[in-house]
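Colleague: Sequence and computational prediction follow.
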Amino acid sequence: MLAFILKRLFYAIPTILILIVFSFLLMHSAPGGPFSSDRPLPPEVLANIEAKYHLNDPLIKQIWTYVTGVVTQFDFGPSFQYKDRTVNEIIGQGFPVTLTYGTISFLVAVFFGCALGITAALNQNSWLDYLAVGISIGAQVLPNFVMAPILVLVFTLWLGWLPGGGWNGGQWQYLIMPVIALSTSFMASIARIMRSSLLEVMHSNYIRTARAKGLTKREILFNHALKPALLPVISYLGPTFVIMITGSVVVDLYFTTGGIGQAFVNSALNRDYSVMMGITILIGCLTILFNLIVDVLYAWIDPKIKL
Amino acid sequence: MKNSYSWVLTTALTLSLSASSVLADLHPVTNEVLADEQIFTYRVGDEYASIDPQLAEDVQGGEFIRDLFEGLMNQNSDGDLVPGVATHFDVNDDNTIYTFYLRDNAKWSDGEPVTAGDFEYSWKRLADPATASPYSWFAEEMGLENVEAVMAGDMDTSELGVTALDDHTLEVRLENSMGHFPLMTTSEPTFPSPQWTVEEFGSDWTKPENIVSNGAYVLTEHVPQERSVRSRNPMYWNDEATIIERVEALVISDESAALTRYLSGELDRTEVPSGQFNQLSTSHPNETVTFPRLCNYYYFVNLTESTHPALLDPRVREALYLAIDRDVITEAILQGGEFPAYSFTPEATANFLPPANPARDLTQAERNARAVALLDEAGYGGGAEIELDLLFNTSESHSKIAIIVSQMWKQTLGVTTVLQNMEWKTFLEARSNQEFDIGRAGWCGPYNMASSFLDLMSSDHPYNDAGYVNAEVDQLLTDAKVSEDPTANFTRIEEILATENPILPIYHYAGVYMMDDSLQNWPVNNVEQKWYSRELYFTAD
């Protein structure tokens, strides 16, 4: 197990390096630059600025400087857009925000998604099944950019219960709407995967044997059916967790949480190279880490899988 | 006896105290009853990129800097010059040497006096190539002596035409005569920065825990992408006249989300989303505010080699200019109180006399008829041979306008338009490479003079992506810089533009806000929208 984990972590190094070089080249190939603006800068001014940010160096040298800065000092450089902030500060400020509402949304989505899926599967073709499937389809087709304004309309404008946006250090009133908006569609996907995988397990031979031996429904579910049925759900949850904790642009924009999702999109639009690279690397590392965790969980759940 | 004396004294004291507490709730000038809570909360669409006076170039940053710092001169609510840190100034006969006299009670928020040396340091900092300020072109605009050589790094900053003669006297030497120079000292890049703080903290000096400023407010909180708070500065020389205690700016990118939060009472001011003005002015008549701004929305015609050959004929350009029905665009599409534009310079600009413009006085049917005739005359009757690339950047209203204009050209002239919608930075690149026939542009004058628009028409202006060259216009602009009264020059340039039509003006912007009706003294007559929180106040309901 330990050897497996070490091997995977070792493989992560070239993966991240390729990610850095590829994103760097892709980013620089986009038209325009961080300092192109509506009123073009006089050439001597532009030259001063490019020299300050080392943008006049050859691309290969820029990549080298960047990678060595990241590896040796964990320094992701200054933001090109925000003059008094570094990339480390921007991520340090935005990531805890998305991590907070992302993790809560994840837990909410997993809990309600599994509950809906299990209820539907255990009561297949009954009204409970139709209700659960109906709820999850409804949640799936309602995208969060529609959901967010509706939530604000109801809870802020009509009922006056919740603030229409902001973060305020993550007080619970400010968390409710972002969590609902972010979790619903993931909850729906989890419910669908849970339902179909549990149905498949419940129709398998060993469950029939268990039933024939006179085990209660409860014993069958918790002792025999649930664990194997969770496998497809878990492989979905790994990347989903990364997506959720690195934030949703819609949630960040609409509820002005100050999260990292908005910073990522803004950096792409502003060609804020250093911020874009920083967040790309963060997402890359998290994806690799959680894929590894999923694999380890797999082995723990299903002894047939050898690492 | 002694007792009764002390009784009288106590009563008098009590009376005077209660009188002053009643007075404290009234506005000192207008005598209106003031609200108990004086906190102004408004929406900004984007996080500011910087609040360093010499580095900031965005509107949001500018609004912060005007509250946090104070320059030599300020603008009043009509946009006229009033004293700031300087109480007055002298100028020599040919408008090349200005001497500003600074008040002796101006202080930084750390208690240090504000001196002429602070301004000298800051202006040199603006031009210094080591600062690498994207706004350093403003130093060039100011025409300071030796500024070009300093910016290019060929000359030391000590050669720049600004010198502190003593702590309270600042001498400014200009390359050329410039009558409107004092107006420029109301612009944020000329505001002072505290040298000792800048040197101690480097680029971190503008963070709330480090910043030292000399304006009516200090920055007390900044949560990037969420909110920032500026609080009253007790060290400000005129602090007793300030009424608003705290100003909170909330970053809300989405206009509709901002409107919802305004309606739920979280904000005192926000922008009206495009197309919603009519409805909101009916439902909230006391809260919708609209006023002219010094901005122009226009299309410009590519006049370089890469253009469609038909566009090199001024008659074709005039036909395109005439066939745009501006009333439809302002009244049916934008609906925000915008003004149809027939000239480049907005009519609200100070000392600007628009030339007689026949197109303005015609009906649209007459304009269309004339446009068709012009196109015939140019040999492109029916318009079938003309297919134009119309370039604009992503935005709902840009795309609405581009669609309707292309439809107007198709219906009236038979000209086909291919719409090219691009993301902002890609758009800038395509525009500067002249990869278009017609391009969208918008321009807000950096100061209230016709030259802040018409300078764009000079053949060497960096914003002249259209490649328009006219020797007479260049000469008129050069002469205007040294002229006592350049009004006639500007009128003549507009006349030339009206015959050559290198640009097709569409509308002049209006400021369209939802504003709490107890918020008073918003400078609606200040066309540059230079507002200062210290002049605002809330009245009791």
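Modeller: Okay, I see it.
Colleague: buried stuff in stretch B:27-44?
Modeller: For stretch B:27-44, the neighbour count (16 or more other C-beta atoms under 10 Å in any protein chain shown) marks B:34-35, B:38, B:40-44 as buried. Glycine gets a C-beta too; all of them are placed from N, C-alpha and C.
Colleague: Closest to chain A out of the residues you listed?
Modeller: B:R43 (9.5 Å; C-beta to the nearest C-beta).
Colleague: Contact partners for residue 41?
Modeller: Assuming you mean chain A. A:35, A:49, B:134, B:137, B:462 (C-beta atoms under 8 Å, 6 or more residues apart in numbering or on different chains).
Colleague: actually it's chain B I care about, not the one you picked
Modeller: Remark: with contacts taken as C-beta under 8 Å, 6+ apart, B:T41 is in contact with B:247-250, B:266-269.
Colleague: Taking those, tell me the two that lie furthest apart.
Modeller: Farthest pair in these (C-beta to C-beta) is B:V247 and B:E266. Separation: 14.6 Å.
Colleague: Pick out whichever of those two has more residues nearby.
Modeller: Neighbours per residue, other C-beta atoms under 10 Å in any protein chain shown: of B:V247 and B:E266, the larger number sits with B:V247, 25 against 20.
Colleague: now for the helix or strand harbouring that one, which elements pack on it?
Modeller: B:V247 is part of strand B:246-251 when elements are defined by DSSP states H and E. Judged by 3 or more C-beta pairs under 8 Å, 6 or more residues apart in numbering or on different chains; DSSP states H and E, strand B:246-251 is in contact with strand B:39-44, helix B:59-68, strand B:227-232.
Colleague: repeat that with 6 Å
Modeller: Counting contacts by 3 or more C-beta pairs under 6 Å, 6 or more residues apart in numbering or on different chains; DSSP states H and E, strand B:246-251 packs against strand B:39-44, strand B:227-232.
Colleague: how big is the angle separating it from helix B:59-68?
Modeller: Taking axes from the mean of the first three to the mean of the last three C-alpha atoms, to 10 degrees, strand B:246-251 and helix B:59-68 form an angle of 170 degrees between their directions.
Colleague: quick one: contacts of strand B:246-251?
Modeller: With contacts defined as C-beta atoms under 6 Å, 6 or more residues apart in numbering or on different chains, strand B:246-251 is touched by A:256, B:39-44, B:47, B:225-231, B:533.
Colleague: Could you do stretch A:26-35 as well?
Modeller: Contact partners of stretch A:26-35, identified using C-beta under 6 Å, 6+ apart, comprise A:49, A:80, A:271-273, A:276, B:425-426, B:428-429.
Colleague: now the end-to-end length of it.
Modeller: Across stretch A:26-35, the straight-line distance between its terminal residues is 18 Å, by C-alpha to C-alpha, to the nearest Å.
Colleague: Now do the buried residues in that stretch.
Modeller: Neighbour-count burial for stretch A:26-35, with 16+ other C-beta under 10 Å as criterion, is recorded at A:27, A:32-35.
Colleague: Chain neighbours aside, what residue packs nearest to A:L199?
Modeller: Nearest residue to A:L199 in three dimensions, chain neighbours excluded: A:A121, at 4.8 Å (C-beta to C-beta, 6 or more residues apart in numbering or on different chains).
Colleague: pretty sure the one you found is in contact with A:M194, am I right?
Modeller: No. Applying C-beta atoms under 6 Å as the test, A:A121 and A:M194 come out as separate, 7.2 Å apart.
Colleague: Pick out whichever of the two has more residues nearby.
Modeller: Neighbour count, other C-beta under 10 Å: between A:A121 and A:M194, A:M194 has more, with 28 against 23.
Colleague: so who does that one touch?
Modeller: By C-beta under 6 Å, 6+ apart, the neighbours of A:M194 are A:114, A:117, A:233.
Colleague: what secondary structure does the last one sit in?
Modeller: In terms of secondary structure, A:V233 is helix; the call rests on DSSP: H, G, I helix; E, B strand; the rest coil.
Colleague: in the chain, which ranges drop under the pLDDT threshold?
Modeller: Looking at chain A here, since you left the chain open. Chain A contains residues with pLDDT under 70 at A:306-307.
Colleague: wait, I meant chain B there
Modeller: Answering for chain B: the residues below the bar, that is pLDDT under 70, span B:1-24.
Colleague: Show the contacting residues for the closest residue to chain B within the stretch 101-250 of chain A.
Modeller: Across the stretch 101-250 of chain A, the shortest distance to chain B (C-beta to the nearest C-beta) belongs to A:G164, at 4.2 Å. Going by C-beta under 6 Å, 6+ apart, A:G164 touches A:152, A:156, B:260-261, B:264.
Colleague: closest point of chain A to chain B, which residue?
Modeller: Taking C-beta to the nearest C-beta as the measure, chain A has A:G32 as its residue closest to chain B, at 3.0 Å.
Colleague: Need the three-state assignment for that residue.
Modeller: Assigned by three-state DSSP, the conformation of A:G32 is coil.
Colleague: Who's the closest spatial neighbour of it, skipping the chain neighbours?
Modeller: Taking C-beta to C-beta, 6+ apart as the measure, A:G32 lies nearest to B:K425, with 3.0 Å between them; neighbours along the chain are not counted.
Colleague: separation between that neighbour and B:S187?
Modeller: B:K425 sits 26 Å away from B:S187 when distances are taken as C-beta to C-beta, to the nearest Å.
Colleague: just A:Y53 next, same as before
Modeller: 25 Å.
Colleague: for chain A, what are the nearby residues on the stretch 301-450 of chain B?
Modeller: B:425-426, B:428-429 (C-beta under 6 Å from any C-beta of the partner chain).
Colleague: what about the residue in the stretch 301-450 of chain B that chain A sits nearest to, neighbour count?
Modeller: Of the stretch 301-450 of chain B, the residue with the smallest distance to chain A, taken as C-beta to the nearest C-beta, is B:K425 at 3.0 Å. Neighbour count for B:K425, taken as other C-beta under 10 Å: 20.
Colleague: Is the closest residue to B:V328 other than its chain neighbours in a helix, a strand, or coil?
Modeller: In this structure, B:V328 finds its nearest non-sequential neighbour in B:I404, 6.7 Å apart by C-beta to C-beta, 6+ apart. Using three-state DSSP, the structure places B:I404 in helix.
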